[in-house]
Structures are given as structure tokens and as C-alpha cells.
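Novice: okay, here's the prediction I keep looking at, along with the sequence it came from:
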Amino acid sequence: MHSNFFGRVDPLRIFDIPFVGLTEGDHSYEYSLDRTFFEEFGNEDLYDSTFQVTADLNKKSSFMELSLSFKGVCTVPCDRCDQLVGLPLSGEYFTVIRFGEGSGEDEDVIYLPVNEQILNVAQVIFESVALSLPSKRKHKKKDCDPAALKALEELGRNSNEENDPRWAALKELKNKEDK
């Protein structure tokens, strides 16, 4: 992080789009995301990630349209063996930007104050990438750490399922259903 006489420089300022001076039509912006970007949002799941993002802003006379597309790799612990796995992720997002007061009911519309002159797309980019993370994050079984798989298998065999009365009651219920 750089600092100057006035304090810390906001690293997310590079995501500012000063739209007031833009002509109507399409304008494209390219961004590279890395650990620094995701640390600003405090999302540890994405710290070891790199993404390329394209933001296309279509300025109209009374509103704007923002299209995002991203592609990259997120490195996270495997849910099965806890070793790091690189997950390729990609996605797209579209939103309309209107000026004035708006209701929070429409998720695909961003409302900016009438006198606003800059659109910062950092939050929209972060949310788009974060929502693309899969709920199950794991290697293919053949790529998992063999020692961890063996330990999981041992734990499964050594579990006290047979001796736990709760399991016995469930097995009895299952046997009744099978008849």
C-alpha cells in the first residue's frame, strides 16, 4: 500500500470510471485481480486468486449498462484432503445503472446519486467473483493427498456407528421400511 502526505491511498481507486466526460456508446476497461484486491474485501477464500476482468460500460443518454466478464484461478483448500487445489472460475454479470433514488427491490439495477460523476466497479467485480465460488471445493479423488484419504477411510471404519444407539434405532427404522 502506498501512502502520501494525506494518508493511505485507496487501492480500489483504479476501479473508478469517470463517466461524466464519456461519449455515449461502449467503453471497455481491463483489470487484473490478485491477492491485494481480495484483501481489501477481507475474503480469505479468494486471497490466492488471480483473475482477468473485462468491464464494458455502455453509456446511454439517461442510464448506463455494465457488463462484466471474468476468468481466473482461485486456490483454496480441498474439502476432502485439505491440500490446496486450483479451481478455474469464469463468469459474467450484467447490471443497469440509473440515477436518482431507487428501491432496493431490483437486484440488477445500481442507483447512483444524480450528482455522482464516478462509478467504482470494485464492489460489483468482487461480488461477481465471490458468488462464482463453488460450494464444493475439492480435487478429483485421484489427485487428493493419499495419506489424507487413507486417514479418512480409517476414521470411517473405526467410527462407533455399530455401538451408537442412535444408529441402531435408525437401522431398525430402515429395516421396517424395507419390508
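Specialist: Ah, there it is.
Novice: which parts of stretch 142-153 are buried?
Specialist: Buried residues in stretch 142-153, counted by 16 or more other Cβ atoms under 10 Å: residue 144. (C-beta placed from N, C-alpha, C; glycine too.)
Novice: which other residues reach that stretch?
Specialist: 78, 80, 81, 82, 83, 85, 138, 141 (Cβ atoms under 8 Å, 6 or more residues apart in numbering).
Novice: how far away is the fourth one from residue 133?
Specialist: Looking back up the chat, that one is residue 82. Distance, residue 82 to residue 133, by Cβ to Cβ, to the nearest Å: 17 Å.
Novice: between these two, which has more neighbouring residues?
Specialist: residue 133 (15 against 12; other Cβ atoms under 10 Å).
Novice: wait, is that one part of a helix?
Specialist: No. Checked against DSSP: H, G, I helix; E, B strand; the rest coil, residue 133 lies outside a helix; its state is coil.
Novice: which elements pack onto the longest strand along the chain?
Specialist: Looking across the chain with DSSP state E, the single longest strand is strand 84-99. Here strand 84-99 touches strand 64-77, strand 109-112, helix 122-131, going by 3 or more Cβ pairs under 8 Å, 6 or more residues apart in numbering; DSSP states H and E.
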